[in-house]
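In: Curious how this folds, go ahead:
(chains A, B, C and D)
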4 protein chains.
Amino acid sequence: MKFQPKTKNYKTKVEESFERQQFMKLINAKLIAVQPGYCEIHVPYDSNLTQQHGFFHAGVISTIADNTAGYAGFSLMEENSSVLTVEFKINLMSPGDGELLIGKSHVIKNGRTLTICKSDVYIVKNNKEKLCASAQLTLIELKNSPDKI
Amino acid sequence: MKFQPKTKNYKTKVEESFERQQFMKLINAKLIAVQPGYCEIHVPYDSNLTQQHGFFHAGVISTIADNTAGYAGFSLMEENSSVLTVEFKINLMSPGDGELLIGKSHVIKNGRTLTICKSDVYIVKNNKEKLCASAQLTLIELKNSPDKI
Amino acid sequence: MKFQPKTKNYKTKVEESFERQQFMKLINAKLIAVQPGYCEIHVPYDSNLTQQHGFFHAGVISTIADNTAGYAGFSLMEENSSVLTVEFKINLMSPGDGELLIGKSHVIKNGRTLTICKSDVYIVKNNKEKLCASAQLTLIELKNSPDKI
Amino acid sequence: MKFQPKTKNYKTKVEESFERQQFMKLINAKLIAVQPGYCEIHVPYDSNLTQQHGFFHAGVISTIADNTAGYAGFSLMEENSSVLTVEFKINLMSPGDGELLIGKSHVIKNGRTLTICKSDVYIVKNNKEKLCASAQLTLIELKNSPDKI
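Out: Here you go, the predicted structure:
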């Protein structure tokens, strides 16, 4: 699907918001790509991010599924809007066993109030990418409520 | 609902598994209570855990919803089983604006293969607890696949 | 949770809307109770409502989980509002093997725009009630958009 | 994704199971296509299938999202297996305002025990197809438990 952003600076807006999320720094997440209705985030492996078997924790995988969606949706919102995740559902399909997590999210419906996204999270091991998790998310646009407060 | 654990050491089992999750250390999560089919985890506020407005990040909230469920379910599983989250759905109902996150999860169905849990995450501000998020989760028991490898 | 309805006629409003849903007639659903933020619907067994093993079809179970939530939420909405289900997630925990389906839904958060509900669907067999499915749902209130058009 | 069915008669198996679902007859659902890991079902408009505004009821839309997934998954299962929906999540994105509902589902992960599907439901009005709902579903394969009992 092709979307028309409502602001010229949609990319800067996303980058600045991402920059303000301290949790992204803690897990060393990198904002890789922002397009209208699309966002990609990477997280390199770090033993601090693991569950009991040494793989990426489901919480990290879910964080990436959520955050890519939030910014995919935010890229289409108005200058003075902020975004909140209303809810999401995620299927964890393969263990996060690898050296890099790649999250990609696409807006599938950009409504007046609500935006629906689909996120896929891939795990890369020995340069092979495997689908690790798929999520479906609902975002709400809060108008006249700037992201930067 | 009242559940009968299949192992005497269900609590130690959960504590040891929690201990092996490096990500719990990174976010400074504390395992507060384990009962058969129940688990409670707390996360004190830390600016490293925040989203763009300085509140607990949805990723942290989701992590707690997932992890309390995982251990609520794991407490009922067999000695040599490990647990995986198949999927979960979470509604984020209030911003994580406060000094402490409290996650509580109950098993609502403990099947032979699958276990279903409900998790609530509360945010505490000025000693007042507020429902922040509610989740519904599906876990799978992997038999003959010890948690400690 | 205790809710204050915004209209005196919240019950009539729900009853009239239910009455207009032809699909409720087709599956012979009965509106049993409406309270502020709560709704209960029953569906007696009928071989027309079955899946391949002769049990209630998951589609019927989901319909009841959705419709009880819709009307639990609608009971709290303004006179001139209508309600739409944004999304829902349902766990089907036991087969719908019995003579009566009972759906009950409670509002757990009644926001300005969005309302969150939890629905449980029970199956009754030989007068014993068993939890058949649990759902979590998000509704949207469309203001100045009457239900009766 | 390309899947290899485990039985030669995967199509007949699905058709016969669909035929046994009385609820499909009640809503006049047509099984349009079955391929390994894929299923398509159509439901023509009928005033018996409507909600309060005369559009397809969300319960019908959800039924189709669930049933296409069930049979997409069932097409890949063993001869003596039956299929159950563990859970699903659906976003209802546009009203079911039109003359035909088209449900399509693809398996995205076919595991040993669990199968994950994505379903899209389209509404056709004046020969124009529009995305009405998207769902993500988890199925379980019950081995040595034939579908026909």
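In: hey, what's the closest residue to residue A:147 other than its chain neighbours bridged with?
Out: Spatial nearest neighbour of residue A:147, chain neighbours left out: residue A:82 (4.3 Å); criterion: C-beta to C-beta, 6 or more residues apart in numbering or on different chains. C-beta coordinates here come from the backbone N, C-alpha and C atoms, glycine included. Here residue A:82 sits in beta bridges with residue A:142, as judged by DSSP bridges.
In: Compute the distance between residue A:82 and chain D, please.
Out: Distance, residue A:82 to chain D, by C-beta to the nearest C-beta, to the nearest Å: 21 Å.
In: wait, that residue sits on residue A:145?
Out: Yes. If you go by C-beta atoms under 8 Å, residue A:82 and residue A:145 touch, sitting 4.9 Å apart.
In: quick one: which of these two has more around it?
Out: Between residue A:82 and residue A:145, residue A:82 has the larger neighbour count (other C-beta atoms under 10 Å in any protein chain shown), namely 20 against 12.
In: Could you pick out the longest helix of chain A?
Out: Using DSSP state H to define each element, chain A has its longest helix at helix A:58-74.
In: which of the residues in that one are buried?
Out: Neighbour-count burial for helix A:58-74 flags A:58-74 (criterion: 16 or more other C-beta atoms under 10 Å in any protein chain shown).
In: In chain A, what residue lies closest to chain D?
Out: residue A:89 (3.9 Å; C-beta to the nearest C-beta).
In: What's the local residue count around that residue?
Out: When neighbours are defined as other C-beta under 10 Å, residue A:89 has 28 of them.
In: Bridged to it, which residues?
Out: residue A:136, residue B:89.
In: Tell me how far it lies from residue A:53.
Out: According to C-beta to C-beta, to the nearest Å, residue A:89 and residue A:53 sit 24 Å apart.
In: cool, residue A:82 as well?
Out: 37 Å.
In: rewinding a little: contacting residues around the residue of chain A closest to chain D?
Out: Contacts for residue A:89 (C-beta atoms under 8 Å, 6 or more residues apart in numbering or on different chains) come out as A:135-137, B:87-90, C:89, D:89, D:136.
In: How much space separates residue A:105 from residue C:16?
Out: 41 Å.
In: whoops, I mixed them up, residue A:24
Out: According to C-beta to C-beta, residue A:24 and residue C:16 sit 50 Å apart.
In: The two: which has the busier surroundings?
Out: More crowded of residue A:24 and residue C:16, by other C-beta under 10 Å: residue A:24, with 24 against 13.
In: what helix or strand is the more buried one on?
Out: helix A:22-26 (DSSP states H and E).
In: packing partners for that helix?
Out: Here helix A:22-26 touches no other helix or strand, going by 3 or more C-beta pairs under 8 Å, 6 or more residues apart in numbering or on different chains; DSSP states H and E.
In: Now with 10 Å, please.
Out: helix A:10-20, helix A:58-74, helix B:58-74 (3 or more C-beta pairs under 10 Å, 6 or more residues apart in numbering or on different chains; DSSP states H and E).
In: mind checking which of these is nearest chain C?
Out: Of the helices and strands packed on helix A:22-26, nearest to chain C by C-beta to the nearest C-beta is helix B:58-74, at 11.8 Å.
In: Spell out whether that closest one and chain A are in contact.
Out: Yes. Under the criterion of C-beta under 10 Å from any C-beta of the partner chain, helix B:58-74 makes contact with chain A via B:58-67, B:70, B:74.
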